[in-house]
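A.B. asks: any chance you could fold what I've pasted below:
(2 chains)
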Amino acid sequence: MTTSTNPSSTIPLNQLTRGQSGRVQIDGAATDEVKMLRAMGLRPNASVTMCRLGEPCIVSLSGACGGGCRLGLAREIAGRVMITVDSRTDDSHTGE
Amino acid sequence: MSSVDALPARGTRIIAVLGNPNVGKTTLFNRIAGIRAKTSNFPGTTQDARHASCCGAMLIDLPGVYSLDLEMSESALCRGVLDGDLAPAGIDAHEPNAILVVIDATNLMRNMTIVAEAIDRRLPMVVAVNMMDLATRRGIHIDLERLGECLGCTVVGCSGKTGQGVDELMAALESATVPNRSAPTDLDAIEAWGDDIYSLVAAARETPVDDGLTDRLDRAFTHPLLGVLTFSVVMTGFFWVIFQLAAIPMDLIDAWFGTFGGWVESLLPDGPIKGLLVNGVIAGIGGTLVFLPQIVLLFFLLALLEGTGYLARAAFVIDRVMRPFGLSGHAFVPLLSSHACAIPGIMSARSVPDPKDRLATILVAPFMSCSARIPVYVLLTVILFPDSPAMQAVAFTSCYVIGVSAGLMSSMIVRRTILRGASRPMAMELPSYRLPDLKASALLTYDRAMMFLRKAGTLIVAISIVLWWLGAYPNNTKGFDPPIGATPAEVEQAQARYHASHSFLGRIGNAVQPVFEPLGYDRQLTIGVLASFAAREVFVSTMAVQVVGSDDVDDDSVLGSIASARRDDGTLVFTRATSWSLLVYYILAMLCLPTLVVTAKEAGGWRWAWLQLGWMSLLAYTSALIVYQTITLLS
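C.D. replies: A predicted model of the protein is given here:
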């Protein structure tokens, strides 16, 4: 999963701070891992919030799930998912 | 539109139950099927499915998948069933007569991928929007009628937990039709299609529900320090229950079979029928049932833990430890279970999603010290440190550590050679924390226990009978020369030894003994090792029969007699070097035929079972040889 129209606000998912939200950006080949993540809810434009940093990181998917859906991701996978940071939560939280 | 009945069906009508993981599919299936459900393997695969006959059709609960279009064994299996190529054993495979797609009302948008894939199959279909009760509590409203119009098929709102809408669902399945609308097949288009439908039919809060408690629990349970501590406490409790609580029914079963065997023995005249019934059939059935309490408790506790949502977090905690050895966090539960018995441990490796991870887990599971090794560990540690309970405890604990280390090392080797490739990084849904469903856990446990009895049980009984026969025949004491001046007890012992060495098993022992000579084992120990292939704990009773003429190993004097047993040349059987060598051999060796059979079934072929046997035997033999020769040289 790659891409960025504005490099300054697009970062890998594992670089979000706790409580910070963003939207998933996807471009490129639909590998089996990408297909799996998309089917799990990490799809283009899905809104994610970082709940726990580290290994694993835990993200909450809102909207698509009514707020109750959480994914645990190994750092390796989270580093490959690009996120456009939501400006409302940017700089408003610090990490753990 | 064609109805279920209108479709040409070969054999049983099949309704495939399809859905994402964690949508309450199994709870809904249990609500519909209850105790009628059975679990069967899909021939030629390592997976099974629950199925039940309902309303004139066979409902098959397929494994939860996020998409049919993934290169995962679960997705491949679902595709196989929907294509009509696969069906659980005993059911005629053909294209399903209907698909019941279960989706989560609280997760509607994400579930639309599997709905689109199901529509694309052009089979009669019903969509069950499950967890409606939870959606209502979360302020999510779904217009079911409109959703039905969008999908072109019947949509029923229901709750597997409360039973709401289940009757309506069953009625809808009776008249299921092929959807009169189509769905896109391209991933981007499917997502756009799902978003459009979601915006038309659902009204939900914009902001996530407050899940501060989930946040706090998640941080605690996956914390590098606190998470490991919690994990240790949970697992200690888990083990305590399995070993301590199960010991009560296990002792009762053991005692009952002992009494029953004695009663049958007193009724029947001496002869082969009596021997077969008492030492073959009754001992074999008793030997199987004695493990049942541990297996039942293990599966019940695992189902409860899984139901709380904790197990998914624990898998992440342990993943960090396991990955350098080529195993994933998913392998933890199977390896933990193997400390009770490798058979349910290997069976529970089905929960490991990556095929290579799963195979590696199955291959190394028997290295974990199962409860059948305990009697042997006790005997040998007592012989090695007769006056030091502290050293006995250290040696005993070391046995477990050596077993785990050998398993991890073997996994590392196997993942760098024949199962090359990195362990799949974990990405998994963390289900909400909730109180476990006792009924669902009990049903799952019942299913697993019955599977164990049907598969492993019949085999253990068969192997016990064969080993009894090999050990009992030829029942010929011609040529036995009682020692002059011996007491009746000594005569009995000498006769037992004579019989043991002249039985088929004894003759095999005599023939095989030269192989074990470099390890320090004489004929009697070789027979003990060979008899252990039925079950390891047989070693102690076999040794007792040979050296004492009685298998009453609860008697301390009998254990003492085993410890001071002499070889035919008068030297001690259990020297220091031999005891260490034997201990190492029992920690590492694959001495359990039923486990081999289960490995072959679960790994998908006998080649994996032979590899497991070959590798473990080689490692055990080499290690025991080094230990024996080193100690002999040093002393």
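
A.B. asks: what's the spacing between the residue in the stretch 301-450 of chain B that chain A sits nearest to and residue A:33?
C.D. replies: Using CB to the nearest CB, the closest approach of the stretch 301-450 of chain B to chain A is made by residue B:425 at 3.7 Å. Backbone N, C-alpha and C define where each C-beta goes, glycine included. Between residue B:425 and residue A:33 the computed distance is 9 Å (CB to CB, to the nearest Å).

A.B. asks: more neighbours: these two, which one.
C.D. replies: Each of residue B:425 and residue A:33 has its neighbours counted (other CB atoms under 10 Å in any protein chain shown); residue B:425 has more, 20 against 17.

A.B. asks: got the phi/psi numbers for the closest residue to that one other than its chain neighbours?
C.D. replies: Distances taken as CB to CB, 6 or more residues apart in numbering or on different chains place residue A:74 nearest to residue B:425, at 3.7 Å, with adjacent residues excluded. Main-chain dihedrals, residue A:74, degrees, to the nearest 10: phi -60, psi 150.

A.B. asks: and residue B:24, by the same measure?
C.D. replies: phi 80, psi 20.

A.B. asks: mind checking pLDDT for residue 2?
C.D. replies: You didn't pick a chain, so chain A it is. Note on residue A:2: pLDDT of 45.

A.B. asks: oops, wrong one, chain B.
C.D. replies: Confidence for residue B:2, expressed as pLDDT, is 40.

A.B. asks: sorry, back to before: could you pull out the residues contacting both of residue B:425 and residue A:33?
C.D. replies: By CB atoms under 8 Å, 6 or more residues apart in numbering or on different chains, residue B:425 and residue A:33 have these common neighbours: residue A:77.

A.B. asks: now the helices for the stretch 501-635 of chain B?
C.D. replies: Residue ranges of the helices in the stretch 501-635 of chain B, as given by DSSP state H, counting those that start in this stretch, are B:504-516, B:523-531, B:538-547, B:556-563, B:576-588, B:593-603, B:606-634.

A.B. asks: pLDDT on the fourth one, on average?
C.D. replies: Taken as a whole, helix B:556-563 carries a mean pLDDT of 67.

A.B. asks: next: the longest one.
C.D. replies: Within the predicted structure, the mean pLDDT of helix B:606-634 is 95.

A.B. asks: redo the helices of the stretch 501-635 of chain B as TSV? Include mean neighbour count.
C.D. replies: Below are the helices of the stretch 501-635 of chain B laid out as TSV (neighbours: other CB atoms under 10 Å in any protein chain shown):
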stretch	mean neighbour count
helix B:504-516	16
helix B:523-531	24
helix B:538-547	23
helix B:556-563	16
helix B:576-588	24
helix B:593-603	22
helix B:606-634	17
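
A.B. asks: for those helices, which one sits closest to chain A?
C.D. replies: Judging those by CB to the nearest CB, what sits closest to chain A is helix B:593-603, at 22.7 Å.

A.B. asks: mind listing what the most centrally placed residue in chain A touches?
C.D. replies: With distances taken as CA atoms, centre = their mean, the residue of chain A nearest its centroid is residue A:13 (4.3 Å). Shown in contact with residue A:13 (CB under 8 Å, 6+ apart): A:22, A:24, A:48, A:50, A:57, A:59, A:73, A:78, A:79, A:81, A:82, A:83.

A.B. asks: pipe the helices of the stretch 501-635 of chain B into CSV and attach distance to chain A per row.
C.D. replies: Compiled in CSV, the helices of the stretch 501-635 of chain B are given as follows (distance: least, CB to the nearest CB, whole Å):
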stretch, distance to chain A
helix B:504-516, 46
helix B:523-531, 43
helix B:538-547, 43
helix B:556-563, 49
helix B:576-588, 32
helix B:593-603, 23
helix B:606-634, 24
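
A.B. asks: out of those helices, nearest to residue B:373?
C.D. replies: Smallest distance to residue B:373 across these (CB to CB): 6.0 Å, for helix B:576-588.

A.B. asks: tell me what that closest one is packed against?
C.D. replies: Helix B:576-588 sits against helix B:374-384, helix B:389-416, helix B:523-531, helix B:606-634, with contacts defined as 3 or more CB pairs under 8 Å, 6 or more residues apart in numbering or on different chains; DSSP states H and E.

A.B. asks: of all those, which one comes closest to residue B:236?
C.D. replies: Of all the helices and strands packed on helix B:576-588, helix B:389-416 sits nearest to residue B:236, with 13.7 Å by CB to CB.

A.B. asks: where does pLDDT dip in the stretch 201-350 of chain B?
C.D. replies: By pLDDT under 70, the weakly predicted segments of the stretch 201-350 of chain B are B:204-211, B:243, B:287-288.

A.B. asks: please, where are all the helices along it?
C.D. replies: Assigned by DSSP H, counting those that start in this stretch, the stretch 201-350 of chain B shows helices spanning B:212-221, B:226-240, B:246-267, B:272-275, B:283-289, B:292-308, B:310-322, B:332-337, B:342-347.

A.B. asks: and those helices as JSON lines, adding mean neighbour count and distance to residue B:619?
C.D. replies: Shown next, in JSON lines, are those (neighbours: other CB atoms under 10 Å in any protein chain shown; distance: least, CB to CB, whole Å):
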{"stretch": "helix B:212-221", "mean neighbour count": "16", "distance to residue B:619": "36"}
{"stretch": "helix B:226-240", "mean neighbour count": "14", "distance to residue B:619": "26"}
{"stretch": "helix B:246-267", "mean neighbour count": "14", "distance to residue B:619": "30"}
{"stretch": "helix B:272-275", "mean neighbour count": "14", "distance to residue B:619": "37"}
{"stretch": "helix B:283-289", "mean neighbour count": "21", "distance to residue B:619": "27"}
{"stretch": "helix B:292-308", "mean neighbour count": "20", "distance to residue B:619": "26"}
{"stretch": "helix B:310-322", "mean neighbour count": "21", "distance to residue B:619": "20"}
{"stretch": "helix B:332-337", "mean neighbour count": "24", "distance to residue B:619": "17"}
{"stretch": "helix B:342-347", "mean neighbour count": "26", "distance to residue B:619": "16"}
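
A.B. asks: with distance to chain A added, can I get these in JSON lines?
C.D. replies: Shown next, in JSON lines, are these (distance: least, CB to the nearest CB, whole Å):
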{"stretch": "helix B:212-221", "distance to chain A": "5"}
{"stretch": "helix B:226-240", "distance to chain A": "10"}
{"stretch": "helix B:246-267", "distance to chain A": "32"}
{"stretch": "helix B:272-275", "distance to chain A": "57"}
{"stretch": "helix B:283-289", "distance to chain A": "39"}
{"stretch": "helix B:292-308", "distance to chain A": "15"}
{"stretch": "helix B:310-322", "distance to chain A": "5"}
{"stretch": "helix B:332-337", "distance to chain A": "14"}
{"stretch": "helix B:342-347", "distance to chain A": "24"}
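
A.B. asks: can you map out the helices along chain A?
C.D. replies: Along chain A, the segments classed as helices by DSSP state H run A:32-40, A:75-78.

A.B. asks: where does the residue of chain B positioned farthest from its centre land in three-state SS?
C.D. replies: Relative to the centre of chain B, the most outlying C-alpha is that of residue B:485, 54.2 Å out, by CA atoms, centre = their mean. For residue B:485, the assignment made with DSSP: H, G, I helix; E, B strand; the rest coil gives coil.

A.B. asks: any idea how far residue B:494 is from it?
C.D. replies: The value you get for residue B:485 to residue B:494, if CB to CB is used, is 12 Å.

A.B. asks: contacting residues around residue 30?
C.D. replies: Using chain A here. With the criterion set at CB under 8 Å, 6+ apart, residue A:30 makes contact with A:38, B:187.

A.B. asks: my bad, chain B
C.D. replies: Counting by CB under 8 Å, 6+ apart, residue B:30 makes contact with B:37, B:160, B:439, B:440, B:443.

A.B. asks: roughly how far apart are it and residue B:450?
C.D. replies: From residue B:30 to residue B:450 the distance is 15 Å (CB to CB).
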